[in-house]
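Q: Have a look at this prediction, sequence included:
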Amino acid sequence: MKRVTPYLKMRVLGAIEFAPGTTNVAKIKHVSTMVFNDEDGVPHQFTWRTIQTWYSRYKKDGITSTKPNPRSDRGTTRKVTPEEVSEAIAVALPSFRNGTPGTIASVYRMCIEKGLLHRDQIAPNTFRRLVNRHEFFKPEATSKDKRRLAFAKAHANQMWQADTMMGPYVKTSDGHKQAKLIAFIDDASRVCCHGEFFLAENTGSLIKALRSALYKRGVPESLYVDNGSIYTSKEITQICGRLGCLLCHAPVRDGAAKGKVERFFRTVRESFLIRKLDLSNVAALNRAFTAWVEEEYNGKEHSVLNMKPIDRFGLDLMRVRFLPPHQVNDELFYVEEDRKVLADNTFSLKAIRFEAPRDLRSRKVQVRFSRESFSTAVVYFKGERMGEAEPVDLQANDRPPKLREASANEEAS
């Protein structure tokens, strides 16, 4: 039987937070009627007792209790997300008469012909299943009648909402490029935990913004995001798992579910982007945005709170779990991959041969490293940090240990 991945379990547990019901049992039973897709797009449905077991273990011991043993295909991701399929359909529909396609198969062929999707990305049956499950052909107006209730968390850092907004065009060495704003909003206090403009919307940009937010405002209990590719990446799932932060995803094509961060973006457009900004580079834009956030947004009375967001955040300051700067904490933001240590106590990573920091021959280890600046490889074994691996020095290994130590002492003197 195929193992349930940590990513899929986190999606199931995250759905409990927003499920209808007055008790946890009622919410869990409602979630047991839902269908969840794993990284390969395969649907799964779980009994309420299975979900209750995951939920109780998570509340008792934390995220590590719900993490299964590593599997052979760990780290694989689905080839196409529902958002990418939805965007392809939106581009293909105007090619049909009155924008109304005859069949799902005809839309699939149109997406392939226009190069919006590729056959190796998504098969016809998978395309049909996604269209039917997410109702991509259903008119937008029918989704606007969804019943919603205004809600707010009781304490700061119980939940952050995050999203990406398209910003102004800034000058680059190649001309002009549109900046993208990644922002994190605390649900209870409405504080902008961190916001930053980037020239590229990728996983590296999201990790950089998330790292700044965590060091500034502490660690949230849950993170509420959409289903974009950067928000469902392996790195973000791993980071949230290490921090004990529940990663929750909004329903597909339901931007209103993240109302607070969307309202913040509206404020950014109406109060910040209308100003005469220095768009000579993205650094100047970020300096102006940071000053506006701290002085104009976080430092002024909020119409709903009737107090400053930063003051409301301060009321729960004793409850906030901060992340102190430390080398080991920096490793929380590294991507992790499995490696098999060979009989000579070495392993390969990014075409470089490393020597394990301890005797881990014939063991399966987890190696963390930074995708942006690959300079170190940190080895973990059974959840314990073994140390940093060094590139193999074949000439040094050719000498006996005593001569090697003597040579190192001479070089040091």
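A: Great, that's in hand. A quick note: this is a predicted structure, and the numbers were derived from the prediction, not measured. Residues are numbered from 1 along each chain as shown.

Q: Show me where this protein dips below the pLDDT cut-off.
A: 1-2, 61-78, 98-102, 138-151, 253-257, 325-328, 395-413 (pLDDT under 70).

Q: need the strands for it, in chain order.
A: 36-37, 43-44, 160-172, 175-186, 192-198, 222-225, 246-249, 335-340, 346-349, 352-355, 364-369, 377-381, 384-391 (DSSP state E).

Q: how about those strands, which one is nearest G314?
A: With respect to G314, and counting by CB to CB, the nearest of these is strand 175-186 at 11.7 Å. (C-beta placed from N, C-alpha, C; glycine too.)

Q: Output the contacting helices and strands for that closest one.
A: Counting contacts by 3 or more CB pairs under 8 Å, 6 or more residues apart in numbering; DSSP states H and E, strand 175-186 packs against strand 160-172, strand 192-198, helix 203-217, helix 259-267, helix 282-292.

Q: just the ones you listed: most buried one?
A: strand 192-198 (a mean of 23; mean count of other CB atoms under 10 Å).

Q: Show me what it is packed against.
A: Counting by 3+ CB pairs under 8 Å, 6+ apart, strand 192-198 packs on strand 160-172, strand 175-186, helix 203-217, helix 282-292.

Q: quick one: buried residues of the second one?
A: Just to be clear, that refers to strand 175-186. For strand 175-186, a neighbour-count test (16 or more other CB atoms under 10 Å) marks A179, K180, L181, I182, A183, F184, I185, D186 as buried.

Q: just to revisit the earlier point, distance to C245 added to the helices and strands packed on strand 175-186, as a markdown table?
A: What follows is the helices and strands packed on strand 175-186, written out as a markdown table (distance: least, CB to CB, whole Å):
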| stretch | distance to C245 |
| --- | --- |
| strand 160-172 | 9 |
| strand 192-198 | 13 |
| helix 203-217 | 9 |
| helix 259-267 | 16 |
| helix 282-292 | 24 |
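
Q: For V80, find the nearest of those.
A: helix 203-217 (16.5 Å).

Q: on that earlier part again, of the helices and strands packed on strand 192-198, which approaches R3 most closely?
A: Ranked by CB to CB, the member of the helices and strands packed on strand 192-198 that lies closest to R3 is helix 203-217, at 24.3 Å.

Q: which residues are contacting that closest one?
A: 157, 160, 162, 180, 182-184, 186, 191, 193-196, 198, 230-231, 233, 235-236, 239, 243, 313, 320, 323, 325, 333, 371-372 (CB atoms under 8 Å, 6 or more residues apart in numbering).

Q: do you know which of the strands of the chain lies nearest T267?
A: Minimum separation from T267 across the strands of the chain (CB to CB) falls at strand 192-198, 9.5 Å.

Q: partners of that closest one, with directions?
A: strand 175-186 (antiparallel) (DSSP bridges).

Q: can you give me the offset of the partner strand from its chain's centre?
A: The chain centroid and the centroid of strand 175-186 are separated by 16 Å under CA atoms, centre = their mean, to the nearest Å.

Q: And stretch 349-367, by the same measure?
A: With CA atoms, centre = their mean, you get 27 Å for stretch 349-367.

Q: per-domain residue ranges of this protein.
A: Domain ranges of the chain: 6-66, 82-138, 160-319, 334-397, per automatic domain parsing.

Q: which of those sits most buried?
A: When those are scored by mean count of other CB under 10 Å, the highest mean neighbour count falls to domain 160-319 (a mean of 18).

Q: From start to finish, how long is it in a straight line?
A: End-to-end distance for domain 160-319: 15 Å, by CA to CA, to the nearest Å.

Q: do stretch 184-204 as well
A: 16 Å.

Q: now swap in stretch 266-286 and tell me
A: Stretch 266-286 has an end-to-end distance of 18 Å (CA to CA).

Q: Identify the residues contacting it?
A: With CB under 8 Å, 6+ apart as the criterion, stretch 266-286 contacts 165, 167-172, 179, 181, 183, 195-199, 288-289, 292, 296-297.
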